[in-house]
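S.K.: Quick one, fold the following:
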Amino acid sequence: MRFLEAADPIALAALEHVLERDAQDVRKLLEWLPAAQTRRDRRAIIARARDLLAEIEFAIQRIAEVE
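M.R.: Next up, the predicted model:
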């Protein structure tokens, strides 16, 4: 339960949306990983998942700053 409003409620909502969306995308990529046919495809999936995880980490840090 939050007693005080976030410093920037619009930024907080946007960051929470990014967090949710990126988590869903990482989940989907990891589901696709076993079905990837080539090493190149697997590496591309892993690279994209890493990029999304970096975005998630940034969003979490910013949420902590905004709250």
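S.K.: CA only for contacts and neighbour counts going forward, please
M.R.: OK.
S.K.: Give the other helices and strands that the longest helix seen in the chain contacts.
M.R.: Using DSSP state H to define each element, the chain has its longest helix at helix 39-66. With contacts defined as 3 or more Cα pairs under 8 Å, 6 or more residues apart in numbering; DSSP states H and E, the packing partners of helix 39-66 are helix 9-32.
S.K.: Hey, what's the angle from the helix it packs on to helix 39-66? Just curious.
M.R.: 160 degrees (axes from the mean of the first three to the mean of the last three Cα atoms, to 10 degrees).
S.K.: same question for helix 9-32, mean pLDDT?
M.R.: Averaged over helix 9-32, pLDDT sits at 95.
S.K.: List the contacts of that helix.
M.R.: With Cα atoms under 8 Å, 6 or more residues apart in numbering as the test, helix 9-32 has contacts from 6, 45-46, 49, 52-53, 55-56, 59-60, 62-63, 66-67.
S.K.: Farthest-apart pair in those, please.
M.R.: Ala6 and Ile45 (35.2 Å; Cα to Cα).
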